[in-house]
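S.K.: return atomic coordinates for the entry below.
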Amino acid sequence: MRIPSQLEWWRSEPGGADWLERLPGIVAECAERWDLRPGAPFPGGNVSLVLGAELRDGTPVVLKVNFPEEESEHEADALVHWAGEGAIRLLAENRERRALLLEHCEPGTQLWMIADGDEANRIAAHVLRRIWHPPPAPSPFRPLAAEAARWGEEIRREWEALGRPFERRLVEEAGAACRELGPAQGEAVVLHQDFHGGNVLRSEREGWLAIDPKPLVGEREFDAASLLRDRRSELVSPGAARTVRRRLDLLSAELALDRERMRRWGIAHALAWGIGEGKLEADMLEAARLLHEAE
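M.R.: Below is the predicted model of the structure:
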């Protein structure tokens with residue numbers, strides 16, 4: 001089996017080269033365990049290996065193998081918790097190999113294909129309402145408050161290490177959001193954390209379904225963060241500031257959420273995911289700037 005070139009960046013990460021070498025064996029093991037006929041990898045995936053496959057009876061399914069890292073650790077638990085309501089169904093799991101056997105979503109069109117941004121965000125809001133449920137007890141999911149506390153420290157540390165490459169006010173606002181919002185949240189639900197148009201697929205079974213969660217437990221306002229910075233090509237256009245304000249207004253109204261908390265979480269999450277060791281993602285930084293100005 002050929003490893004998709006989009007996954008080669010893992011070789012620069014600790015344990016990544018070994019994982020890439022083991023992937024063909026993991027796929028073969030899963031094929032035997034679940035009696036699958038694996039197909040070709042889906043295009044575009046650059047974090048996990050995702051293949052089309054068929055069961056013995058010809059039923060189409062999806063085989064997904066995650067790198068063994070923290071953010072995807074409880075993807076299967078979130079899918080079990082959602083039980084196919086607003087999200088893709090988990091059919092089986094090999095936890096040791098981080099392998100998931102998933103429902104094949106037909107036609108599988110990404111929400112990004114809906115040209116009208118307002119319409120797409122209304123659809124996204126509908127899916128979020130369906131998957132937001134209180135966590136199970138006991139909960140396997142990491143708390144947003146703990147993640148926020150870590151982000152607040154890491155953002156400043158990485159900003160310093162990168163030579164202070166952008167304005168201090170963004171770092172200070174992200175840090176304040178993490179300190180102030182994390183300990184004082186509304187009702188806790190299981191959050192998707194990476195909810196954008198590429199992770200919402202059209203389904204014959206029930207309209208639109210969420211895929212690829214990186215679950216946390218925390219308040220609903222946080223889960224708008226990825227949507228606020230979605231369709232990033234629109235965030236470099238002359239009307240970008242107006243676009244971000246419109247997203248904030250529409251999503252806070254559709255979901256009955258606190259607009260200011262959404263805005264502040266959006267800044268913190270954009271910087272938490274956009275800067276790191278030797279990394280500075282220009283589009284994430286621009287999203288944080290736009291959200292800073294969208295009061």
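S.K.: using the three-state scheme, assign the residue most central in space within the chain.
M.R.: Computing the C-alpha centroid of the chain and ranking residues by Cα atoms, centre = their mean puts residue 194 first, at 1.7 Å. Assigned with DSSP: H, G, I helix; E, B strand; the rest coil, residue 194 falls in the coil class.
S.K.: check what pLDDT the closest residue to it other than its chain neighbours gets.
M.R.: Nearest residue to residue 194 in three dimensions, chain neighbours excluded: residue 214, at 4.9 Å (Cβ to Cβ, 6 or more residues apart in numbering). Quick note: C-beta positions are derived from backbone N, CA and C, even for glycine. Looking at residue 214, its pLDDT is 97.
S.K.: so the residue nearest to the centre of the chain makes contact with residue 215?
M.R.: No - Residue 194 is not in contact with residue 215 according to Cβ atoms under 8 Å; the separation is 9.4 Å.
S.K.: stretch 135-154: how far from the chain's middle?
M.R.: Centre-to-centre, stretch 135-154 and its host chain are 15 Å apart (Cα atoms, centre = their mean, to the nearest Å).
S.K.: just the terminal-to-terminal distance for that stretch.
M.R.: 27 Å (Cα to Cα, to the nearest Å).
S.K.: buried ones in that stretch?
M.R.: By neighbour count on 16 or more other Cβ atoms under 10 Å, the buried set for stretch 135-154 is 135, 139, 141-145, 147-148, 151-152, 154.
S.K.: next: stretch 91-104.
M.R.: 91, 93-94, 97-104.
S.K.: swap in stretch 264-284?
M.R.: For stretch 264-284, by 16+ other Cβ under 10 Å, it's 264-275, 280, 284.
S.K.: just put these in TSV and tack on secondary structure and distance to residue 26.
M.R.: Rendered in TSV, the data for these read as follows (DSSP: H, G, I helix; E, B strand; the rest coil; distance: Cβ to Cβ, whole Å):
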residue	secondary structure	distance to residue 26
264	helix	40
265	helix	35
266	helix	36
267	helix	38
268	helix	35
269	helix	31
270	helix	33
271	helix	34
272	helix	30
273	helix	27
274	helix	30
275	strand	32
280	strand	33
284	helix	31
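S.K.: between those, which sits nearest residue 57?
M.R.: The nearest member of those to residue 57, counting by Cβ to Cβ, is residue 273 at 40.6 Å.
S.K.: doesn't residue 284 make contact with the closest one?
M.R.: Yes - in this structure, residue 273 is within contact of residue 284 by Cβ under 8 Å, at 6.2 Å.
S.K.: show me where this structure has its strands.
M.R.: Along the chain, the segments classed as strands by DSSP state E run 36-41, 49-55, 60-65, 90-94, 99-103, 107-110, 142-143, 189-191, 200-203, 207-210, 216-218, 275-276, 279-280.
S.K.: much appreciated, bye for now.
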